[in-house]
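# Structure of the sequence below:
(one chain, ligands or ions: 1)
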Amino acid sequence: MGGPFSEINDTLFADKRMLEEEYQPETILERDAEVEAYQHALKDVLFGRNPANIFAYGKTGVGKTAVTKYMLAELATEARRREAADDVHLLIHNCNGASVYGTLRSLINDLRPAGEDPFPKKGLSVGDALEEFYARMDERGGTFLLVLDEIDHIDDPDPLLYDLPRARANGHLETARVGVIGISNNYRFRESLSPKVRDTLMEKEISFSPYDAGELVTILEHRAERAYVESACDGSAIRKAAALAARDTGGARQALDLLRTAGDLAEQRGDATVTDDHVGDAQEVVRRGRITNKIRDQTIHGQLVLEAVTHLNEHGRTPARSKEIQRAYERTARNWDRPPLTTLRSVQSHLGDLHMLGFLARYERNDGRDGGAYFEYDLNDIHPDAVVETREAIEAEYAE
Ligand SMILES: Nc1ncnc2c1ncn2[C@@H]1O[C@H](COP(=O)(O)OP(=O)(O)OP(=O)(O)O)[C@@H](O)[C@H]1O
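Presented below is the predicted three-dimensional model:
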């Protein structure tokens, strides 16, 4: 007799990776205007001129990261093909959960020769880290394109967005050139920057609009063709996944998640084809996964404030006032070895954002003439376990 796995076959999927987040598409569909904008912004690199700084923005899942990585890889290939062009080095970094120092440290480590000790975690300043980074780039020479994904997660990004792009003009770099590409799905981030930083980073802006249902169908059809074995995925399933995602986020990630989860459900049920019913049933599973992603999208202090409210909720101490949440937030931050923000106002500003994004419910209270009006907060339609598990996973990744 065989073991518990001996009878299991991959019945529906030919290559499931095609529907997974990590898969980097080798063709970009339905983003012609954005591809052209990148072409225009980056072409100087092929002629040894300084690269433009670029700010790419748009809602979640609309192809910002996929298109950026694709265009940069194509540029590097073309530069190699033209022997006269400078070497193009790509440094791609996700800023979620990182500080300016941590980001620079990881960029320096990317350029570290094999066997050399990593740049110290503590004890040096951002200025020291910048100096080391300049030295490393000059050692190699060529053009460095720095992609800072989720750039809005960094509290004080000026050294990355102002000093770095100016390094050559200010004499910090002699042989190397550097261009910064910031990616964000937070529209308010632009307004939060000082005017000088805004002018520097937003030399070229590339905006990504949400996909409509027709565009999502094209993207899904292309993936489904290779992800599923022949005729295992019904056209109606593709159309439904595209329509649901277009109506909600307009993101390809959600559409791909729906189609993959629908396939899992069909396989679990022993069905021979993925249909629109499976897509309908996949919605709830995908929704839960999206909550996790939405938490990851918040800045580290936003996440800590949410985690603090969650702990209070678990102890039956919500709805709670901002002062009490601030104390819980400070405990939470220290617990993770993160220096907390010191003012009540900054905690209140995160509470306001979390309320606006639907994470927190807010109740207005009035203590009469003497007490005045104030707000109390609680978790809103989100399971405490989802917050705690996501936060633990993020901190575990950060500690690596
Ligand atoms: N035009 C496209 N063609 C093919 N695949 C796409 C396209 N747009 C997005 N995708 C796929 O959809 C998923 C989400 O895209 P991507 O990560 O680029 O989104 P994003 O805009 O960077 O989102 P976020 O702001 O959440 O990081 C990825 O798996 C990506 O491969």
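# Quick check: residues of the stretch 251-400 of the chain near the ligand?
When proximity is defined as Cβ under 6 Å from any ligand atom, the stretch 251-400 of the chain approaches the ligand at 252, 253, 256. Yep, even glycine has a C-beta here, placed from its N, CA and C like the rest.
# give me phi/psi at the second one?
Per-residue torsions, residue 253: phi -60, psi -50 (degrees, to the nearest 10).
# Just to check, it is in contact with residue 63?
No: at 9.1 Å, residue 253 does not count as touching residue 63 under the criterion of Cβ atoms under 8 Å.
# Looking at these two, which one has more neighbours?
residue 63 (24 against 20; other Cβ atoms under 10 Å).
# right, and that one touches residue 208 too?
Yes: at 6.0 Å, residue 63 counts as touching residue 208 under the criterion of Cβ under 8 Å.
# Common neighbours of these two, please.
Listed as contacting both residue 63 and residue 208 by Cβ atoms under 8 Å, 6 or more residues apart in numbering are 31, 34.
# Beyond the helix or strand harbouring residue 309, next helix or strand please.
Residue 309 is located in helix 300-314, with elements delineated by DSSP states H and E. Proceeding N to C from helix 300-314, the next assigned helix or strand is strand 320-321, under DSSP H and E.
# Mind pulling the model confidence for the nearest residue to residue 391 once chain neighbours are set aside?
Of all residues not flanking residue 391 in the chain, residue 307 sits nearest, at 5.0 Å (Cβ to Cβ, 6 or more residues apart in numbering). Residue 307 carries a pLDDT value of 98.
# go on, residue 334?
Listed pLDDT for residue 334 reads 96.
# Next: residue 60.
87.
# If we ignore the residues flanking it in sequence, what's nearest it?
residue 185 (5.0 Å).
# What count of nearby residues applies to that neighbour?
That count, for residue 185 with other Cβ under 10 Å as the rule, works out to 19.
# again, but for residue 261
Number of residues near residue 261 (other Cβ under 10 Å) recorded here: 22.
# again, but for residue 94
Neighbours of residue 94 using other Cβ under 10 Å come to 17.
# how far away is it from residue 107?
From residue 94 across to residue 107, the span is 12 Å (Cβ to Cβ, to the nearest Å).
# And the chain, what are its domain boundaries?
If you go by automatic domain parsing, the domain ranges for the chain are 32-208, 228-293, 298-399.
# Single out the most deeply packed of those domains.
domain 228-293 (a mean of 20; mean count of other Cβ atoms under 10 Å).
# end-to-end on that domain?
Domain 228-293 has its terminal residues 26 Å apart, counting by Cα to Cα, to the nearest Å.
# Report the mean per-residue pLDDT for it.
Domain 228-293 comes out at a mean pLDDT of 93.
# Over to residue 385. Which of the three states is it?
What DSSP: H, G, I helix; E, B strand; the rest coil gives for residue 385 is helix.
# circling back: how about the contacts made by the residue nearest to residue 391?
332, 387, 388, 391.
# ok, 7 Å please
332, 387, 391 (Cβ atoms under 7 Å, 6 or more residues apart in numbering).
# And the pLDDT for residue 152?
The model reports residue 152 with a pLDDT of 85.
# ditto for the one 10 residues further on
Turning to residue 162, the model gives it a pLDDT of 87.
# And it, how close does it get to residue 200?
Per Cβ to Cβ, residue 162 is found 6 Å from residue 200.
# just the strands in this protein please.
54-58, 88-94, 142-149, 176-184, 204-208, 320-321, 360-366, 373-379 (DSSP state E).
# among the ones you listed, which gets the worst mean confidence?
For those, the weakest mean pLDDT is recorded on strand 360-366, namely a mean of 87.
# partner strands of it, parallel or antiparallel?
strand 373-379 (antiparallel) (DSSP bridges).
# CA atoms only: put the partner strand into CSV for me.
Extracted in CSV, the C-alpha atoms of strand 373-379 (Å, rounded to 0.1, in the frame of the first residue of the first chain):
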residue,chain,number,x,y,z
ALA,A,373,-15.3,65.5,23.0
TYR,A,374,-12.8,62.8,22.2
PHE,A,375,-12.5,59.6,20.2
GLU,A,376,-12.3,56.0,21.2
TYR,A,377,-11.0,53.2,18.9
ASP,A,378,-11.4,49.5,18.4
LEU,A,379,-10.6,46.9,15.7
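# tell me the contacts of residue 308?
325, 328, 329, 332.
# hmm, try it at 10 Å
When contacts are counted by Cβ atoms under 10 Å, 6 or more residues apart in numbering, residue 308 touches 320, 324-333, 340, 347, 350-351, 377.
# and what of residue 86?
Contacts of residue 86 (Cβ under 10 Å, 6+ apart): 45-49, 79, 141-144, 175-177.
# List phi and psi for residue 50.
The phi/psi pair for residue 50 (degrees, to the nearest 10) is phi -60, psi 140.
# Please verify my assumption that it contacts residue 178.
Yes: here residue 50 reaches residue 178: they are 8.4 Å apart, a contact under Cβ atoms under 10 Å.
# shared neighbours, the two?
143, 165, 168.
# Name the nearest residue to residue 282, ignoring sequence neighbours.
residue 261 (3.8 Å).
# That neighbour and residue 16: what is the separation?
11 Å.
# need the contact list for the nearest residue to residue 359 once chain neighbours are set aside.
Spatial nearest neighbour of residue 359, excluding adjacent residues (Cβ to Cβ, 6+ apart): residue 306 at 5.7 Å. Residues in contact with residue 306 (Cβ under 10 Å, 6+ apart) are 295, 298, 325, 329, 332, 350-351, 353-354, 357, 359-360, 377, 379, 382, 387, 390-391.
# can you tell me which of these are in helices?
295, 325, 329, 332, 350, 351, 353, 354, 387, 390, 391 (DSSP state H).
# what sits against the last one?
What it means is residue 391. Contacts of residue 391 (Cβ under 10 Å, 6+ apart): 295, 296, 303, 304, 306, 307, 310, 332, 336.
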